[in-house]
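# Got a predicted structure here, sequence first:
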Amino acid sequence: VLAERAAIPFGELKIDALLVSAPPNVRYLSGFTGDNGLLLVTPESLTLFTDPRYTIQAAEECTCEVKIVAKTPLDQAALQTVRRKRMKRVGFEAARMLFEVHQRIVKSLPRGVTLTPIGPVVDRMRMVKSDDEIARIRLSVITNSEAFEKAVRSIRPGARESAIAAELEYQMRRLGAEKAAFETIVAFGSRSALPHAQPTARKLGNDELLLIDMGACQDGYMSDMTRVLFLGKPSRRVRSMYNAVLKAQLAAIDAVRPGVTAAHVDRAARRVLEIEGLGKEFVHSTGHGLGLEIHEGPRLGRRDKTKLQAGMAITIEPGAYIRDFGGIRIEDTVLVTQNGCEVLTPTSKELRLL
Ligand code: ZN
Ligand code: ZN
């Protein structure tokens, strides 16, 4: 597993070693789940630098070499290894390393050693999931959907957005999640027109939309789902908007298969909403990859030319938002397979009436 995960194209990148500082990338390559770790990866070795708080944890989680650093920043300890092992070209993840850390490394770079910024190589490796990762995502999705079912049963008129969000997160933790994947969104009525609404003390009234966007983080892996419910009898306008978004979501799912671009899937959803007269109300992209992080590549937007591959885990979540009226979004977690895709989320997509 180590060799496979350390399959970084050193030759192509023209580097002898790579410094990895982003916690999810550190975890991906080494198994270390602590939040203060720095990895030095070479074609032959993997060394984790961390501080004494993580001595026991790192020994339990990692099979690679672990160096506990007490008195200097982790990057300075890593540079000592670079010097000792006579590495010459050290790469770092340009989009991930803090400027402050970079400056400190530059200042104490050993003579003859060059520091090279590289692109999101590890992030790109992470887009295609292993069987083990897929199993964890499946579990996270199931936990999330079960938590939704349990919490929805307890929703009554007059319930507050914040109380429902708390109940959803309580249920997911009871069912095995270590935490919510992101701040749970619960938005009533016209507040559902805010795609990233924060739950408030607002009370659920009659004839109101109720949008829930929730995800679990279980065994480090994320799930993501949005459902819309309605208290009372929905108007014709609500129903037609709901059906339009659902049609767009199903069209996008239909478009998912290996070899097509992420933008192609986005277009499939966008075309439906344009025909339905809701093109301008669809103000975000159709979805995103997910795994160790809630938002990963690929981004299923207008411009992402990434070709989908079997093993990618993505969301499909078109939506439409109308000010002073409300918003509809329907989101599933989906796995790209050899022949197309598998919708992992088991929750019904009918407009649920309370
Ligand atoms: Zn979501
Ligand atoms: Zn999402």
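Arrived safely, thanks for sending. Ligands and ions are numbered 1, 2, ... in the order given.
# What mean pLDDT does stretch 97-106 get?
Averaging pLDDT along stretch 97-106 yields 95.
# same deal with stretch 225-238?
97.
# tally of neighbours for residue 43?
By the criterion of other Cβ atoms under 10 Å, residue 43 has 15 neighbours. From N, CA and C alone the C-beta is placed, and that goes for glycine too.
# Also residue 69?
Neighbours of residue 69 (other Cβ under 10 Å): 18.
# cool, and residue 86?
Neighbourhood size, residue 86 [other Cβ under 10 Å]: 10.
# Isn't residue 32 up against residue 50?
Yes: the pair formed by residue 32 and residue 50 meets the contact definition of Cβ atoms under 8 Å, at 6.9 Å.
# Name the residues of the one helix or strand residue 140 maps to that are buried.
Assigned by DSSP states H and E, residue 140 belongs to helix 131-152. Within helix 131-152, the residues that count as buried by 16 or more other Cβ atoms under 10 Å are 133-134, 136-148, 150-152.
# tell me which strands and helices it is in contact with?
helix 161-174, strand 208-214, strand 216-218, strand 221-222, strand 225-231, strand 313-316, strand 332-336 (3 or more Cβ pairs under 8 Å, 6 or more residues apart in numbering; DSSP states H and E).
# If we use 6 Å, what do you get?
Helix 131-152 is packed against helix 161-174, strand 216-218, strand 221-222, with contacts defined by 3 or more Cβ pairs under 6 Å, 6 or more residues apart in numbering; DSSP states H and E.
# what pLDDT does residue 3 get?
For residue 3, pLDDT reads 53.
# got any residues that touch both of residue 32 and residue 50?
Common contact partners of residue 32 and residue 50 (Cβ atoms under 6 Å, 6 or more residues apart in numbering): residue 58.
# What are the buried residues along stretch 78-95?
Neighbour counts over stretch 78-95 (16+ other Cβ under 10 Å) mark 78, 79, 81, 82, 87, 90, 91, 92, 93 as buried.
# For residue 248, see how far away residue 279 is.
10 Å (Cβ to Cβ, to the nearest Å).
# which one of the two has more residues nearby?
Taking other Cβ under 10 Å, residue 279 and residue 248 do not tie; residue 248 has more neighbours (29 against 13).
# hang on, the more buried one in a helix?
Yes: counting by DSSP: H, G, I helix; E, B strand; the rest coil, residue 248 is located in a helix.
# how many other residues sit next to the residue in the stretch 101-250 of the chain that ligand 2 sits nearest to?
Proximity to ligand 2, evaluated over the stretch 101-250 of the chain using Cβ to the ion, is greatest for residue 224 at 4.1 Å. By the measure other Cβ under 10 Å, the count of residues near residue 224 is 26.
# got the contact list for it?
Neighbours of residue 224 in contact, by Cβ under 6 Å, 6+ apart: 215, 290, 315, 333.
# The last one and ligand 1: what is the separation?
Plainly put, residue 333 is 9 Å away from ligand 1 if you go by Cβ to the ion, to the nearest Å.
# related to what we said a few turns ago, gap between the closest residue to the residue of the stretch 101-250 of the chain closest to ligand 2 other than its chain neighbours and residue 280?
Spatially, and ignoring its direct neighbours in sequence, residue 224 is nearest to residue 215 (4.2 Å; Cβ to Cβ, 6 or more residues apart in numbering). Separation of residue 215 from residue 280 (Cβ to Cβ) stands at 27 Å.
# Compare these two (neighbour count), which wins?
The neighbour comparison of residue 215 against residue 280 (other Cβ under 10 Å) goes to residue 215, with 28 against 11.
# Settle this for me: the more buried one is touching residue 184, isn't it.
No: if you go by Cβ atoms under 6 Å, residue 215 and residue 184 don't touch, sitting 8.0 Å apart.
# Mind jotting down where the helices sit in this structure?
Under the criterion DSSP state H, the chain carries helices at the ranges 2-5, 10-13, 23-30, 55-61, 74-84, 99-107, 121-127, 131-152, 161-174, 236-255, 262-275.
# sorry, back to before: between the helices and strands packed on helix 131-152, which gets nearest to residue 17?
Taking Cβ to Cβ, strand 221-222 is the member of these nearest to residue 17, at 28.5 Å.
# partner strands of the closest one, parallel or antiparallel?
strand 216-218 (antiparallel) (DSSP bridges).
# For the closest residue to residue 210 other than its chain neighbours, list each beta-bridge partner.
Leaving out its chain neighbours, the residue that sits closest to residue 210 by Cβ to Cβ, 6+ apart is residue 229, at 4.4 Å. Residue 229 has these beta-bridge partners by DSSP bridges: residue 210, residue 352.
# how many neighbours does residue 229 have?
Residues lying near residue 229 (other Cβ under 10 Å) number 18.
# Might one say that it is in contact with residue 352?
Yes: under the criterion of Cβ under 6 Å, residue 229 makes contact with residue 352 at 4.4 Å.
# residue contacts, the closest residue to residue 118 other than its chain neighbours?
Among residues not flanking residue 118 along the chain, residue 91 sits closest, at 4.5 Å (Cβ to Cβ, 6+ apart). Residues counted as contacts of residue 91 (Cβ under 6 Å, 6+ apart) are 13, 15, 18, 116, 118.
# which among the contacts of residue 224 gets closest to ligand 2?
Ligand 2 lies nearest to residue 315 out of those, by Cβ to the ion, at 4.3 Å.
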